[in-house]
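K.L.:
take this sequence and fold it.
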Amino acid sequence: MSEQTELSERLKSSMKDLSASRKEIEAELRADEVDKELQVIIDQYAGRAKLKGFRQGKAPRDMVKQMFQADIHKSLLDSLVPKVLEEVLNSYNIHPASVPRLSDLSYDEGKPLHFRAVVEVWPDFELPTYKKIQVKKKESIVEDKDIDQALEELRQKSAEYIPVEGRGVVIGDYVVAELQGKDLKTKRLMPAEKVIILAGQEGNEKIINENLIGLKPLEEKVFLYPYPADYKNKKLAGKEIEYRIKVISIKAKQVPSLDDDFAKNLGETDNLADLRDKVKKELQAVREDAARREAAEDILKTLVDKTEIEIPPGIIEEEAQAVLKSLLSSAPQQNITKEVVDKLRPEAAKQAEVNLKRHLILREIAKSEDLKVGEEEVDAEIRVLAKTNNLAPAQAMAAFNQEGRRESLKKSLLLRKAIDFLVGQAIIDN
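P.N.:
Predicted coordinates:
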């Protein structure tokens with residue numbers, strides 16, 4: 001389909017549908033209108049120009065125009081094209097989803113300004129039935145063993161490390177030690193380092209664990225470690241290093257007993273029975289929230305599978321870059337190679353399209369159900385985020401307002417409200 005209009009005698013334009021999500025705009029601004037802007041640009045350059053033999057701003061306009069012709073031409077296009085494009089888009093009530101792509105840009109002095117632009121837009125689509133979607137019930141049962149595990153984790157977090165004397169290092173001790181290596185080939189000493197080691201921890205070099213166990217404070221030991229040629233630290237790969245390790249101090253882990261005193265010391269309950277009840281309720285809330293999220297995922301997958309939406313390619317590419325960045329952030333830095341990145345690109349593009357479809361579906365449901373987010377809800381969410389990140393509420397509020405993040409947060413809350421609506425409307429099968 002193609003539309004053509006004259007916004008006025010000064011500006012002609014046409015619009016053609018390339019697809020459901022892409023439109024081509026053609027615009028032509030009359031020559032005398034272009035010349036008006038050109039004169040403004042020349043005046044600006046003439047006012048700033050410093051030419052030999054003339055005071056600033058007093059050089060002849062023709063001379064300024066000749067000397068700065070290329071810059072003036074660029075400034076003219078930079079000024080006019082965005083304004084003309086915006087005017088034309090508004091006339092067709094088009095709201096771009098990405099930056100328009102220009103082509104066939106032409107202008108010679110005394111002639112009209114002409115260009116084409118391909119514009120990507122969010123497509124119209126038909127929502128499938130989104131109420132009463134059937135999903136399987138997700139288990140959120142909390143068993144005694146789950147409570148026991150949570151209490152044990154609390155005990156471990158409450159552990160203290162007590163200095164010990166009269167015995168050597170045992171597995172589980174925190175050890176402050178001095179470690180120094182010497183390259184046997186060059187006889188060069190490496191800098192002595194003071195290190196803190198959790199004795200027996202799996203992440204330690206095996207030879208460190210083996211030689212540390214049994215050493216008492218101020219005792220030291222020398223041992224040899226031939227590094228393999230493919231060792232991850234290239235500075236050490238293939239070298240034979242003689243290490244000297246000296247224990248400075250030892251602290252033993254002391255875990256509190258699981259009793260009423262432990263519960264009281266946490267400062268939230270009076271006895272162990274109350275603590276168990278509190279832990280059970282917290283676990284129950286966490287699992288119910290997880291079950292809700294799983295149900296929401298199932299519902300959204302159903303809706304995405306049932307909905308035909310042509311997403312603009314440029315928007316998919318932008319979202320794919322964000323997805324790819326997220327995928328790479330979770331990978332060890334040393335493992336990120338070109339091959340790894342290329343392998344992840346198709347996965348990122350696929351996930352990007354799903355993300356965008358979900359976003360559009362939720363946005364349309366929110367519109368259809370007239371869901372709103374009030375300013376007080378945004379304020380409440382900022383306070384929650386402030387507490388989570390140990391920030392003063394006023395500081396968090398100022399950051400969201402000043403950095404322009406408030407509107408983005410409001411949109412996120414609206415999508416969350418749409419998800420809550422879907423879950424509330426779903427039929428949960430046991």
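
K.L.:
all helices of the stretch 151-300 of the chain, in order?
P.N.:
206-212, 260-265, 272-306 (DSSP state H, counting those that start in this stretch).

K.L.:
list the buried residues in the second one.
P.N.:
The reference is to helix 260-265. For helix 260-265, burial by neighbour count (16 or more other CB atoms under 10 Å) applies to Phe262, Ala263. The C-beta positions use only the backbone N, C-alpha and C, and glycine is treated the same way.

K.L.:
what comes into contact with it?
P.N.:
Residues outside helix 260-265 that contact it (CB atoms under 8 Å, 6 or more residues apart in numbering) are Arg155, Ser158, Pro256, Thr269, Asp270, Asn271, Leu272, Asp274, Leu275.

K.L.:
please repeat the previous calculation with a cut-off of 7 Å.
P.N.:
The contact list for helix 260-265 (CB atoms under 7 Å, 6 or more residues apart in numbering) reads Pro256, Thr269, Asp270, Asn271, Leu272, Asp274, Leu275.

K.L.:
most neighbours out of the residues you listed, which is it?
P.N.:
Leu275 (22 neighbours; other CB atoms under 10 Å).

K.L.:
about what we covered before: so which of the helices of the stretch 151-300 of the chain is nearest Phe68?
P.N.:
helix 272-306 (54.3 Å; CB to CB).

K.L.:
just how off-centre is that closest one within its chain?
P.N.:
24 Å (CA atoms, centre = their mean, to the nearest Å).

K.L.:
sorry, back to before: format the helices of the stretch 151-300 of the chain as JSON lines; extra columns: mean pLDDT.
P.N.:
Putting the helices of the stretch 151-300 of the chain into JSON lines (pLDDT from 0 to 100) gives the following:
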{"stretch": "helix 206-212", "mean pLDDT": "90"}
{"stretch": "helix 260-265", "mean pLDDT": "92"}
{"stretch": "helix 272-306", "mean pLDDT": "93"}
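
K.L.:
need the ones you listed in CSV (columns: distance to Val384).
P.N.:
Formatted as CSV, the helices of the stretch 151-300 of the chain follow (distance: least, CB to CB, whole Å):
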stretch, distance to Val384
helix 206-212, 43
helix 260-265, 27
helix 272-306, 14
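
K.L.:
nearest to Lys23, of these?
P.N.:
It's helix 272-306; of these, that one is closest to Lys23 (CB to CB) at 24.9 Å.

K.L.:
spatially central residue for this protein, please.
P.N.:
The residue lying closest to the centre of the chain (CA atoms, centre = their mean) is Ser326, at 6.4 Å.

K.L.:
just the element for that residue, please.
P.N.:
helix 313-329 (DSSP states H and E).

K.L.:
give me the contacts around that helix.
P.N.:
The contact list for helix 313-329 (CB under 7 Å, 6+ apart) reads 97-98, 120, 336, 344-345, 348-349, 351-353, 355-356.

K.L.:
sort out for me which of the residues you listed are in helices.
P.N.:
Counting by DSSP state H, the part of the contacts of helix 313-329 found in helices is Leu344, Arg345, Ala348, Ala349, Gln351, Ala352, Glu353, Asn355, Leu356.

K.L.:
any of the residues you listed buried? List them.
P.N.:
Leu344, Ala348, Ala349, Gln351, Ala352, Glu353, Asn355, Leu356.

K.L.:
distance of the residue nearest to the centre of the chain from Glu319?
P.N.:
The gap separating Ser326 from Glu319 is 11 Å, by CB to CB, to the nearest Å.

K.L.:
which residue in the contacts of helix 313-329 has the weakest pLDDT?
P.N.:
Lowest pLDDT among the contacts of helix 313-329: Ile336, with 74.

K.L.:
that one: how many residues sit nearby?
P.N.:
With other CB under 10 Å as criterion, Ile336 counts 13.

K.L.:
which non-adjacent residue is nearest it?
P.N.:
Leu328 (5.8 Å; CB to CB, 6 or more residues apart in numbering).

K.L.:
any idea how this protein splits into domains?
P.N.:
Annotated domains of the chain cover 2-120, 160-254, 265-429 [automatic domain parsing].

K.L.:
got the contact list for Arg22?
P.N.:
Val118, Glu120, Pro312.

K.L.:
neighbour count added to these, as a markdown table?
P.N.:
Formatted as a markdown table, the contacts of Arg22 follow (neighbours: other CB atoms under 10 Å):
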| residue | neighbour count |
| --- | --- |
| Val118 | 15 |
| Glu120 | 22 |
| Pro312 | 21 |
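
K.L.:
show the end-to-end separation of stretch 308-317, please.
P.N.:
In stretch 308-317, first residue to last residue: 19 Å (CA to CA, to the nearest Å).

K.L.:
list the buried residues in it.
P.N.:
Buried residues in stretch 308-317, counting neighbours by 16+ other CB under 10 Å, are found at Ile309, Ile311, Pro312, Gly314, Ile315, Ile316.

K.L.:
taking the residues you listed together, which two end up most distant?
P.N.:
Most distant of those, by CB to CB, are Ile309 and Gly314, 15.0 Å apart.

K.L.:
and Leu7, what pLDDT?
P.N.:
pLDDT, the model's per-residue confidence, is 54 for Leu7.

K.L.:
cool, and Gly57?
P.N.:
On the pLDDT scale, Gly57 gets 68.
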